[in-house]
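# got a sequence here, can you build the structure:
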Amino acid sequence: MIRKPLHTSRFNPAPGLADFWNEIRRPNPYRWPILGLSVLPVAAMLWWGVNSTVYAEPERPKITYITTLDAARSDAEIIAENRANQELKDLRAAAEERIAQRKREMYKALGAAAGMDVEEIERKAEAERAAEEAAAAKRREAAVQRANESAAQ
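Prediction:
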């Protein structure tokens, strides 16, 4: 007997369920064991997945102390080393400023050759640099104030 499909859509589960119901209804001595064995793997996986909770042990922090400095240094040695490091930092900052100034001069020459108003561009750039420096000074001042307030408490 040829049955007409209930619906022509290929996403309709009704024909499959009707066919399953017809097969399970037929008298077959193995239908319940087969059905039980078919459900068993999925039920076992679901049971294992639902009942297993694993919390990973948090990773222990790795603390590395500065081992290159002598622990028995005097305050005078520390101050001398800090001054030397500050001088080196100042020299590097001066070198970076010279390089930045040279780049600005090169870009000004290039802009002048291209017919741009380099004086206006320079004024805008100076204003931006001044605003950035003012913002940085304000942030430093706020940080110092917070540090002083926390030290006073």
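# pLDDT (mean, whole number) over the helix or strand where residue 145 lies?
Taking DSSP states H and E as the definition, one finds residue 145 inside helix 118-152. Computed over helix 118-152, the mean pLDDT rounds to 92.
# elements contacting it?
If contacts are counted by 3 or more C-beta pairs under 8 Å, 6 or more residues apart in numbering; DSSP states H and E, helix 118-152 sits against helix 75-114. The way it works is simple: take the backbone N, C-alpha and C, and place the C-beta from them, glycine included.
# which positions within the helix it packs on qualify as buried?
Within helix 75-114, the residues scored as buried using 16 or more other C-beta atoms under 10 Å are residue 108.
# between it and helix 118-152, how many degrees?
160 degrees (axes from the mean of the first three to the mean of the last three C-alpha atoms, to 10 degrees).
# elements contacting helix 75-114?
Judged by 3+ C-beta pairs under 8 Å, 6+ apart, the packing partners of helix 75-114 are helix 118-152.
# next, residue 116: phi, psi?
In terms of degrees, to the nearest 10, the main-chain angles of residue 116 are phi -90, psi 160.
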